[in-house]
Every structure is written in C-alpha cells, then in structure tokens.
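**Student:** Quick one: sequence plus predicted model below, questions after.
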2 protein chains.
Amino acid sequence: MNDRKLITPRKLSGFMELPPYKQVVFDKMIEKIKNVYQNFAFMPLDTPVLEYSEILMAKSGGSIDKEVYAFKKGDTDICMRYDLTVPLARYVAMNVNEIAFPFKRYQIGKVYRGEKAQKGRFREFLQCDADIVGFDELPIVADAECLAIVDKVFKALELKILNHISNRNILFGYCEALGYKDKTQDILTILDKIGKIGKENAILELNSLGVSIDDCNNLIMLTLKNGKFCDVLDEIKDLTDNETYQKGVNELSEIYKYMQAMGVDENCYILDVGVIRGQNYYTGTVFEAMMPEHPEFLTVCGGGRYDNLAGYYTDKKLPGVGLSIGLTRLFDLLDQAGLLTEYKLTNIELQIIPLGDTLYECFKLQKFFSDFLVCDVNYENRSFKAKMKEANRKQIPFILIVGEDEINSGLYALKDMNSGQQWNLAKEDCLKKITEK
Amino acid sequence: MNDRKLITPRKLSGFMELPPYKQVVFDKMIEKIKNVYQNFAFMPLDTPVLEYSEILMAKSGGSIDKEVYAFKKGDTDICMRYDLTVPLARYVAMNVNEIAFPFKRYQIGKVYRGEKAQKGRFREFLQCDADIVGFDELPIVADAECLAIVDKVFKALELKILNHISNRNILFGYCEALGYKDKTQDILTILDKIGKIGKENAILELNSLGVSIDDCNNLIMLTLKNGKFCDVLDEIKDLTDNETYQKGVNELSEIYKYMQAMGVDENCYILDVGVIRGQNYYTGTVFEAMMPEHPEFLTVCGGGRYDNLAGYYTDKKLPGVGLSIGLTRLFDLLDQAGLLTEYKLTNIELQIIPLGDTLYECFKLQKFFSDFLVCDVNYENRSFKAKMKEANRKQIPFILIVGEDEINSGLYALKDMNSGQQWNLAKEDCLKKITEK
C-alpha cells in the first residue's frame, strides 16, 4: 500500500464528532431524556432520514430551501430531513386509520441543515422531540403535560432552567382589538426581535407598518410583561375583552391549573408574553426554556401548540402540541462552558493484568467478574509497568494482578488504584471488595 | 388549507418505518446489544452520516459506486456512509495520536445503500459494529474476544445461533501449497459461491482458471470441512506444512483456547473452512453466525480480522478485528417469521380514567404514581365506556377510576384488567397491589 498516495483523513465541517469518553456522556443524556418521555407514556417512532422532496418541501410548494440537503437518485428527488415535525406529519397522515389518538410519540434522531458553518451551528444535529397529536381535537391539558415533561427532563439532566411560557392568542387578540388584525403576522415578527433590534427600532418599524405610537407602546409594554405565572396572568387578563385574547387568557389559566396538579416546579417557569417563536404554525401555547445561569445559551428547549399538523397531506384535522430539545447544540454549549464534569476515559471497573504467561487464566477470571461489572483483560504486549501507568492515567478503579503464584494459590492481588491499598484475595472476595466501594 | 391541493403522504421504498409498538422492541434489541458491547469495555463512537466523497470512495480511487448516495452541496462532493468501517478508519487515522490503543469502540448507526429495492433489502439500515484496533500489532486474543461478544450478544437477544468460524490463511496457504498463489483471490471467489452455483459448476469454473481436477476436488473437500472445532482442527492441521497455512492453523487453535477460557458456549460455534466472506480486506479470522433453526436468514452477524484498517489514510499500521450485526434486516426477518412475541400496544402500566370533572385530581394522582411506574391520565373527550374498551384493546394492565366519591373518600377504584378484579384502595395500597403483580 505504500506506493499509493495517501488521502488526508478529514471530516466535513459543522459535523460534531465526539471522542468516545465524551460520547458516553452524550449518550447518557439521550438516555435520561428518553426515560422521561417513556415515563409519560410516549412511544418511539423512527422515520427515515431521507424523504421525497415533494413531501419535505410541501410548505414551500416544492421549492428547495437553500439549507436543505437535496439530491437526485435515479429519477427520484430526495431530501434529508431538516426537522422531525414534517416527517411526523407525513407519518400520521399516512397511517391515520391505524393510529390510536391522542398519539403520543417521541423521536430522537439526527436532522440535517447545510447552513453556513459557524461556531455553535451544526449541519447534523440530534433532535429529541415529543409530541401529542389529537384527532379533530386535543384538550388543553396536553399542553400542560408537555410543560411537565420539560420540567422533568431538565431535572433528570440536572440542569436548571426557566421555561418562558405564553399563548399566541394573547398577541393575536390584542392586535385584533387594536384594529391591526391584517398586520398581526408582521407585528409579531417585529415584536419577536425586540431583544435584537431594541425597543426604539421596534417602534420605528411598527410605526412604518401603520401602527400608532400609542399602540406601539401598548404592544411593547404587553410583550415585556413576564414573571410569576399567576401575577402576570392577573395583570393581563382584563386588558381587552377581545374573544381571541380571552381564549389565550383561558388557556393560560387552564395550563397553569394543570401544571400545579402535575407538580411542575413553580421556580422553573414564568409567564412571558414576549415569547413568540418564529414559526408560523404555532397557534396557542408557546414556550422557550432558557438556563438562567447561562442566558448566552439562549433557548435550550422550545415548543408549543399547533392547530393542524398535517394540512399539506390530509383533510383530517390533527391538532398537536410538542417540545423539542436540540441536544447536539446543548451538549456543545455545556461542554464549552466546562459544565460536563462526568467525563471518564474508560468505563472499565476492573482490569486484569497478566504477569507472565497467564492469559488463559485471566480470561477465565474475566468471565467470572464480567457477570457483575465491566472487566477487561489487558492483553497488550507492553511491560507490566507501562500497563499500570496506563491504568492509572485512565483512572481504572481496580486492578487485578495475575501471575503464576496467584493462580496456584487462588489468591489474587487486587489493587485499589485510588487508595493504593492492595489485598491478596480469592476471586469472590475481590468481587465483594470492589462492589463495596 | 382546504383549497390547496393535498400531497399524498408516502415514504421512499426500501426504508423501514416501524409502528411505535414494534419500534419499542427494536429499541430494546439495540439496548441489549449495546449493553454487551459496553460490558466488554467498548466505548461508543458516533461519526457523521455524511463524509467527503474522496474519503468514503478511497478504495475505488474516488469513483462512486452506483449504490452509494452521493451529491454535491456547493462545491463539496458528499456521500452518505454505506458502512461504519470506512468512517472508523477515517476517525482512527485522523486521531491516531490521541487514541489509546487497543482502541475498542462500538458504533450503532444507520448506513445507506441505494440498492434496487427488493424484499428484505433496505436502503437505510442500522448496523451494530464493535471493533478492536491495535497500533502496529493486535494479539490474536482480540479475535477470541470478538467471538465471545457474538456469543453473549445473541444470548442477550435470546436467539440461538451457530457461529461458523474460519481463518483465511487456511485457504490462502492451501492455494499457495498447490501452486496457485497468483490465482488465490479468484479461487476464493469461486469457492465462496459453491452454495449458490453447486459443486459441479464450481469445478468447471476452477478448472477454467487452470486448476487441475484433482486440486479442484481437494480444494472443495477442504472447503466443505466443518463441525466441532477441535475435531475439524485436528483433521486439517497437517494437510500441508505451508507457512501461511500453518499460521492459520495456529491462530485457529489459539482462538479456540481463549474461547474456552472465556466460556464461549461450545454448542454455538463450529470450525467451517468454507467461510470466506466476500470482502477482500479480511486477512485472518473470519466468521459468520447463522440461526440453525432459520437457515433462510443466512448470515445474521459477521466479522473478522483485517491487517490494516486505514491504509488509504495513514502510513501507520493499524490491524483490527470486529463484528457487525445488521439489525434492520435481522429484525425484519424475525418479525416476518412471527418470532417477535413481545409486542405490546402501549407501555402504560396504569391508566387513570376520570369520572366527571376530576381531571385536576387525576393529575395529582399521576404525579404520585409516575415516580414508580408508567402512568397516564386518559383526558380524551370520550365516554367512560369507550375509554375502558380502548384500555382493554391496548392491554393496559391496571385502570384507576377517579370520580367525586373516590376523591372525597380517598379510596380509588383500581381494576386489574387481566383478572377483572376490582378494589377500593388508598393510593399507596393501589401502588402496592400493582407492584405485587
């Protein structure tokens, strides 16, 4: 092979690839999220990464978004999924007669967006989604259930969050009451970016839409209302008797009631009228969870209610509510901030090191131990000293040294690498010693 | 949305998409495989699905295999991975200075092959791979370790297998001894398909290569040797003193020795000289596990030893040994054959059904129960009778009926849906009753 030109090994930029000791921690986070979803009686779905372009691009009438990975295979136009919601819509529409509603599914899978590579942006990232889809109708308690899940998931991850909750009907109704019904979407777009462009620029933009200065101020004042759920709800509930607005108020008080019943930690959510979320498909509850100790992480989990999941594919009305965690991004942020402290170079709990020609006996011992713990045999052609040094570097907690003498006596040299203590024990006693620690 | 033309929801053919109650079982199989890999001290790696075409297509000098999904994004030639071995080679070559060898990694991920769609062939399928990669050298015990993993994995999956093991040096050396060294690869290709083309056609093809009829018969006779490991090893060990051949014999007796030490079930493997495996990169141990009760499943797990993992990307010599399970195909076969009997329509262990306006209290009860089991509240707008019928259909084991009376008394109606028994109990006693069963 040496006369062939070597190809420099490299991976595409914008694709996360963790060293195994970090991947272990990433996988544990997935496990925790999955357990919470399952505990709320969600079932898994695993849709293909590839879909017909026509299906994935239904929203834009078939024209392919620049960021989407799209290609032709034979005569077929194919796209890589860019989220898990459109595939869910396709799945539900396709299987609407077989599905028992409300359909509670979670999906943990990678999605693809060929965005400009930049720090913190990934082209392949893992989404952890949970959605509840109803047939014709879906009670508002489902929204509260999703909010309870958010609470539980981040408790399981041991991350402190504050979930900012609102209901789009509040701002929809308020715009309507002020007489700007036709401009609602544009107004919301501007209000959504107050944080970025500042209050004054927002007023300028709103004003140029035809919103009076008084109304601009009222809208912005409303948008800035946030705090303890019941307090803010009290403050805003009578601002207008517009029907849509009152629908929002009612839904917010309903989810508040049920969140209390479900025991959602009151320190971990607020009512924040400023939460809008860009996507137009949200029609009621919306939420964005942030980490108060790390506001620079921005939204670490978001979601909301949509009236009609699969309108592009079916006439059936399928309302839903869901949440989504972008785990690749979250993990990267936590890692960069030095908040992941569980890293261990190996999962080995006991390593057997042969002294002399004892490999055969070492594997017999491994068989015994590995029913109880992660045990491997160091069969490398290196010196005993080098092996001990490596075991130390990897922080393997226990080492079993097996030479001829040990085999003859049936007493093995067990070393606790943390304390430095060493014992000569029968294998059963070694096991006892290790599991005690 | 009703005036818009609907797009018929459909998915690409050749892509598995399981209903959630089947996905649960699929995920459990992944879990079991992963646990065994971890127990043998393997660590996870998760490489991107997309790679530079130049990297993935190094073997064919950059020309793209028809079955590979390849496309351009901007100026970049990209391929979807078609296996997990080439990405492993790329990863190891890229990170050779950071990796501690022997490098034991597992990867469970989807790979893509745009093959002609046909029954049992998938274009997206999950591979469960475990490999051990050494630097410069890797002791033969590593091969035995992989074989022990195969044994453990299928025991964990509760599937009976017979692992057919051989060593390519046997046939390499035998060809050499007969004087056909230059034609070894062609001879092996023909021998590999005896099962398909039959013995007579194989002789014809070998003969047309220039192999004498006597040698044809000897080669085929050797290839057909299979059975109890030690017996076959005894039979073949002195057929020739060719060095390569004897290397094969020695390696086979070494792995046999270590498999015994590791306690690999002797009923679950044989020596089968006919195991060749198509891929040219195997250089020593090769194995293919079949299910004796379902020979039509063909190989359900395969693997072997390769001398040089990453020769296209680095001058470093990186020998390895590994195994691979194609879980999508295996699951499909088991499912088709009716061998998957664990299917349950739901994971709910207790469902709370409100009677009247008790939803608030129901969620308080759910909070209590869900610390111990999967408990949901049925908040659908359907009749009590319809809910009970649905609970029955889904085979939810326990139902808790919560009306005003129950709330006032603190005694809830718990129904065992299997026995039909019903009790009125405090919530703690309900929990006791359920966990007893």
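**Tutor:** Nice, thanks for sending it over.

**Student:** Remind me which helix or strand A:C362 belongs to.
**Tutor:** Using DSSP states H and E, A:C362 falls within helix A:359-369.

**Student:** Name the next helix or strand following that helix along the chain.
**Tutor:** strand A:375-377.

**Student:** partners of that next one in the sheet?
**Tutor:** strand A:350-354 (parallel) (DSSP bridges).

**Student:** Distance from the chain centre to the partner strand, please.
**Tutor:** A distance of 38 Å separates the centroid of the chain from that of strand A:350-354, by Cα atoms, centre = their mean, to the nearest Å.

**Student:** buried sites along that strand?
**Tutor:** A:L350, A:Q351, A:I352, A:I353, A:P354 (16 or more other Cβ atoms under 10 Å in any protein chain shown). All C-beta atoms are positioned from the backbone trio N, CA, C, and that covers glycine.

**Student:** tell me the secondary structure for the closest residue to A:K316 other than its chain neighbours?
**Tutor:** Residue nearest to A:K316 in three dimensions, not counting chain neighbours: A:V96, with 5.7 Å by Cβ to Cβ, 6 or more residues apart in numbering or on different chains. Recorded secondary structure, A:V96: coil (DSSP: H, G, I helix; E, B strand; the rest coil).

**Student:** Could you verify my assumption that A:V96 touches A:Y313?
**Tutor:** No. Using Cβ atoms under 8 Å, A:V96 is not in contact with A:Y313; the gap is 9.3 Å.

**Student:** Same drill for those two, tell me which one is more crowded.
**Tutor:** Counted by other Cβ atoms under 10 Å in any protein chain shown, A:V96 and A:Y313 do not tie: A:Y313 has more neighbours, with 23 against 18.

**Student:** who touches the residue positioned nearest the centre of chain A in this structure?
**Tutor:** The centroid of chain A falls nearest to A:I325 when counting by Cα atoms, centre = their mean (2.7 Å). Going by Cβ atoms under 8 Å, 6 or more residues apart in numbering or on different chains, A:I325 touches A:I33, A:Q127, A:C128, A:D129, A:V153, A:V300, A:C301.

**Student:** same question, A:L18
**Tutor:** A:L18 sits in contact with A:F26, B:D46, where contact means Cβ under 8 Å, 6+ apart.

**Student:** Tell me what A:D416 is bridged to.
**Tutor:** Under the criterion used here (DSSP bridges), A:D416 is bridged to A:F398.

**Student:** tally of neighbours for A:F331?
**Tutor:** Neighbours of A:F331 using other Cβ under 10 Å come to 21.

**Student:** repeat for A:G198
**Tutor:** As a burial measure, A:G198 scores 11 neighbours (other Cβ under 10 Å).

**Student:** Apply the buried test to the contacts of A:I325 and list what passes.
**Tutor:** With burial judged by 16+ other Cβ under 10 Å, the buried subset of these is A:I33, A:Q127, A:C128, A:D129, A:V153, A:V300, A:C301.

**Student:** Where does the fifth one sit: helix, strand or coil?
**Tutor:** Put plainly, it is A:V153. Classification of A:V153 using three-state DSSP returns helix.

**Student:** Chain neighbours aside, what residue packs nearest to it?
**Tutor:** A:V153's closest residue in space is A:V36 (Cβ to Cβ, 6+ apart), at 4.8 Å.

**Student:** and for the worst-scoring helix or strand of chain A on mean pLDDT, what are the contacting residues?
**Tutor:** Across the helices and strands of chain A, mean confidence by mean pLDDT, DSSP states H and E is lowest for helix A:194-197: a mean of 89. With contact meaning Cβ under 8 Å, 6+ apart, helix A:194-197 is reached by A:A202, A:E205, A:I220, A:T223, A:L224, A:G274.

**Student:** Flag every buried residue along it.
**Tutor:** Within helix A:194-197, the residues that count as buried by 16+ other Cβ under 10 Å are A:I194.

**Student:** sorry, back to before: can you give me the neighbour number for the residue nearest to A:V153?
**Tutor:** 23.

**Student:** Show me which residues of the stretch 51-200 of chain A are close to chain B?
**Tutor:** A:51-52, A:54-55, A:58, A:69-74, A:76, A:78, A:89-91, A:93-95, A:98, A:100-102, A:104-105, A:110, A:112, A:114, A:123-124, A:137, A:139, A:141-142, A:144 (Cβ under 8 Å from any Cβ of the partner chain).
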